[in-house]
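> one predicted model, sequence on top.
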Amino acid sequence: MRNKAVLTSSSAINSLLVLMVLAASVAQLLIDIDTVNIACVCVLAWISLVTLLYVRWTDSWRTHPLSTFSLFGLCMTTQCGALLIQTAAWTPVAYALRQPFTTFATLALFQLVALGAHATYRFIPALQFGDRSSVRALLKRTAIYALPSVGMLWIFGAIGFICHFGGGGVDGDPGSKVIVGFRFLIFAPFLIPLYVQDEGAAYCRFPRKHYLWLVLYAIMVALLGVAANTRGLMLTGIVTVGLVVVLWLMRNPVGITSAHLYKAGGTVAVLATLMLPLSYLSTAMVVARQYNGPIGAARMTPVEMIGKTYQVMQQPALIAAYRLRAKLATASSRYDENYIANPMLARFVETKFHDNALFFASNLSARSEDSLERMTVNFMWGILPEPLLKGMGVKVKKADLNFSMGDYLLYLNNGYALGGRKTGSVFAQGLALFGVLFPVVYFFIAIILFALLDLLAFKNAYGRIVLTVPAMINMFRYFIAGITGESLHQVVTTATRGLLQTVLIYLLVYYVAKGLLRLFSGNSAKPAAAPA
């Protein structure tokens, strides 16, 4: 008698996404039968299915988890996410985009390039940092692959929490940038449940006590997000854990039971229930921000910002007026970022930013293209420290580069003032500079980024690929911009300095936390491998 096939978590998630893509594509035909919208749906459905089938039919989730996750994230945040979320809102995918078909076709092209780069990278060992590479050997001599104790995770979180009260990342201010560099540690305590689940009772003696503290800590982080008027801070910790869990389920397929389905259904129901009030709070924070003074002038204190946000939430008319203005801006403004109506879900979709940047980049004059080339070179020099630039005689001041590439593309088109930090697109900038050769350039960029990302995953003594703590803490960032960015210099910065900075900061805090625990309690982290 043949054994019945067991539906695993990996195949279930993949199959569900495939069905959602197909259902959304059919629904879009009912939402809007305009030719442009239908053409966009065809592109989105095709590239989404190609990506989903690639990660389903290969073992990339198991062998190269972080690079695969960034590849998956590129599809979800620029293409598949737009299709699913806009359909759920019963809105055409082409809505509010300047050149919808061109944008989606371009994104699909680079998704294909990234898929080809990932397949090439996986099957050519020389392109990877293998176990015998000098870089991997150097990392193994540090604590980057060690398992931190519960106490150390709380110390990491405390340091990250405190660093949110200082530093603004002002160009030319090294001290401020250093403080900002430690902020990602604020999400470390959210990994405790994952370690408890993976390591069992040996990792934590009283897990329920830590879970209670974690709830209180989550509330404190949310309040800090409201006080700092930073919407991403409120939910990034929860989203990070959610993404880590999804990656774990994709890499460690477990048989699906009715109990799992009930838990998954309950989780979805809770999230759906929270979505409306969180969306309302998110909009209230944006409205409250408008009552703050400009940078350099008198500004509200954190307590005042919390109070102002609460006041705005008590006035639905203000919320409605803001949302109406956002919709009107789409039709009348020279620049807008309105695409996904729900402000919380909008953080997961980058499509509009690419659409804006691609539109502005495609309308550059020959003179503007020369200006873009010169500014790109200046930004590349700006990656280096200020003292080194002076020593080399490079006449580039970091203080003069206090704007984004999105700002500059808009400036070249419409003369908008620089400094608004509008999000650009590495694809738009690359096409403007390299033309049809940029897909080839991006192919090699993607391979480099894949190799660097996978350095934060390693093979333990049991032959299992597991993730480091820095990788899990930064999971949301790798999902959104693992192999992309708002500009070429941002991507180069990630490749040349980003990983190194993350590793050095983590190691510094690791050894400090380990020393503190030894000093006050005699405990230290045991040298075990981190869970997946």
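Right, received. Where do you want to start?

> how near is A158 to V221?
Distance of A158 to V221, computed by C-beta to C-beta, to the nearest Å: 12 Å. No exception for glycine: its C-beta is placed from N, CA and C like everyone else's.

> could you pull out the helices for the stretch 201-350 of the chain?
Assigned helices in the stretch 201-350 of the chain, in chain order: 207-227, 231-251, 258-289, 302-313, 316-332 (criterion: DSSP state H, counting those that start in this stretch).

> nearest to R56, of these?
helix 231-251 (9.6 Å; C-beta to C-beta).

> tell me how far the closest one lies from the chain's centre.
Chain-centre distance of helix 231-251: 10 Å, with C-alpha atoms, centre = their mean, to the nearest Å.

> count the residues that sit near A446.
Around A446 there are 27 other residues, counting by other C-beta atoms under 10 Å.

> about what we covered before: quick one, which of the helices of the stretch 201-350 of the chain gets closest to N14.
Closest of the helices of the stretch 201-350 of the chain to N14 is helix 231-251, at 7.8 Å (criterion: C-beta to C-beta).

> let me know which of the helices of the stretch 201-350 of the chain is tucked in deepest.
Comparing those by mean neighbour count (mean count of other C-beta atoms under 10 Å), helix 231-251 ranks first with a mean of 20.

> my read: Y203 touches L194, true?
No. If you go by C-beta atoms under 8 Å, Y203 and L194 don't touch, sitting 10.2 Å apart.

> and Q99, which of the helices of the stretch 201-350 of the chain is closest to it?
With C-beta to C-beta as the measure, helix 316-332 is the member of the helices of the stretch 201-350 of the chain nearest Q99 (14.0 Å).

> quick check: mean pLDDT of that closest one?
For helix 316-332, the mean pLDDT works out to 72.

> would you mark the buried spots in the first helix or strand past that helix going along the chain?
Next helix or strand after helix 316-332 toward the C-terminus (DSSP states H and E): helix 351-362. Buried residues in helix 351-362, counted by 16 or more other C-beta atoms under 10 Å: 351-361.

> let's have those residues in a markdown table, adding pLDDT.
Formatted as a markdown table, those follow (pLDDT from 0 to 100):
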| residue | pLDDT |
| --- | --- |
| T351 | 95 |
| K352 | 94 |
| F353 | 93 |
| H354 | 95 |
| D355 | 95 |
| N356 | 92 |
| A357 | 93 |
| L358 | 95 |
| F359 | 93 |
| F360 | 93 |
| A361 | 92 |
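
> surely L109 and P439 touch.
Yes. Assessed by C-beta under 8 Å, L109 is found in contact with P439 at 6.4 Å.

> which parts of stretch 34-54 are buried?
37-38, 40-41, 43-45, 47-49, 51-52, 54.

> return the member of those residues nearest to S70.
T51 (12.0 Å).

> can you name every helix or strand that the helix or strand hosting the closest one contacts?
For T51, the element it lies in under DSSP H and E is helix 35-57. Counting contacts by 3 or more C-beta pairs under 8 Å, 6 or more residues apart in numbering; DSSP states H and E, helix 35-57 is packed against helix 9-31, helix 65-75, helix 81-88, helix 100-123.

> show me where the stretch 401-532 of the chain has its helices.
Applying DSSP H, counting those that start in this stretch to the stretch 401-532 of the chain gives helices spanning 405-414, 426-434, 438-453, 469-473, 475-481, 488-493, 499-520.

> A89 is nearest to which of these?
Closest among those, once you apply C-beta to C-beta, is helix 475-481, at 20.4 Å.

> nearest residue to Y411 in space, please, no chain neighbours.
L418 (5.6 Å; C-beta to C-beta, 6 or more residues apart in numbering).

> the one you found and F403 touch, don't they?
Yes. Look at L418 against F403 with C-beta under 8 Å: they come within range, at 4.0 Å.

> now do the contacts for L389.
For L389, the contacting residues are 381-382, 396, 398, by C-beta atoms under 8 Å, 6 or more residues apart in numbering.

> which one of those residues is nearest to A105?
G382 (32.2 Å).

> distance of the closest one relative to A288?
33 Å.

> mean confidence score for stretch 91-108?
Mean predicted confidence for stretch 91-108 is 95.

> tell me how far it lies from the chain's centre.
21 Å.

> and the contacts of it?
With C-beta under 8 Å, 6+ apart as the test, stretch 91-108 has contacts from 28, 31-32, 34, 36-37, 39-41, 43-44, 46-47, 78-79, 82-83, 86-87, 330, 336, 338-339, 341, 351-352, 354-356, 358-359, 362, 427, 431.

> can you flag the weakest of the helices of the stretch 201-350 of the chain by average pLDDT?
Taking the mean pLDDT of the helices of the stretch 201-350 of the chain, helix 316-332 comes last: a mean of 72.

> residues near R518, how many?
12.

> picking that back up, looking at L418 and F403, which has the bigger crowd around it?
F403 (19 against 15).

> in contact with the more buried one, which residues?
418-421.

> again, only using 6 Å
Contacts of F403 were listed using C-beta atoms under 6 Å, 6 or more residues apart in numbering, and they are 418-419.

> A114 too?
71, 74, 446.

> pull the number of nearby residues for the residue nearest to the last one when sequence neighbours are not counted.
In space, not counting the residues next to it along the chain, A446 is nearest to A117; the distance is 3.9 Å by C-beta to C-beta, 6+ apart. Look at A117: counted by other C-beta under 10 Å, it has 23 neighbours.

> how close does A117 get to F444?
For A117, the distance to F444 equals 8 Å [C-beta to C-beta].

> now for the nearest residue to L53 once chain neighbours are set aside, how many residues are close by?
Of all residues not flanking L53 in the chain, V18 sits nearest, at 8.0 Å (C-beta to C-beta, 6+ apart). By other C-beta under 10 Å, 15 other residues sit near V18.

> per-residue confidence for V18?
95.

> for the one 10 residues further on, same thing?
What the model reports for Q28 is a pLDDT of 96.

> just the one 5 residues further on next, same as before
pLDDT, I33: 92.

> part of a strand, is it?
No. According to DSSP: H, G, I helix; E, B strand; the rest coil, I33 belongs to no strand; its state is coil.

> what about it, distance to A88?
Separation of I33 from A88 (C-beta to C-beta): 19 Å.

> tell me which of those two has more neighbours.
Shown here are I33 and A88; by other C-beta under 10 Å, A88 has more neighbours (13 against 10).

> contact partners for the spatially closest residue to that one that is not a sequence neighbour?
Nearest non-adjacent residue to A88, counting by C-beta to C-beta, 6+ apart: A24, 7.9 Å away. Contacts for A24 were tallied using C-beta under 6 Å, 6+ apart; they are 83-84, 87.

> out of those residues, who has the most neighbours?
When neighbours are counted by other C-beta under 10 Å, L83 leads those with 27 neighbours.

> what about the nearest residue to that residue once chain neighbours are set aside, distance to L271?
Spatial nearest neighbour of L83, chain neighbours left out: L44 (4.4 Å); criterion: C-beta to C-beta, 6+ apart. L44 is 24 Å from L271, where distance means C-beta to C-beta.

> about what we covered before: comparing the helices and strands packed on helix 35-57, which comes out most buried?
Of all the helices and strands packed on helix 35-57, helix 65-75 has the most neighbours on average by mean count of other C-beta under 10 Å, namely a mean of 25.

> any idea of the mean pLDDT for it?
The model assigns helix 65-75 a mean pLDDT of 95.

> which residues are contacting that helix?
Contact with helix 65-75 is made by 51, 60-61, 111, 114, 118, 247, 251, 450, 453-454, 456-457, 471, 478-479, 482-484, as judged by C-beta under 6 Å, 6+ apart.
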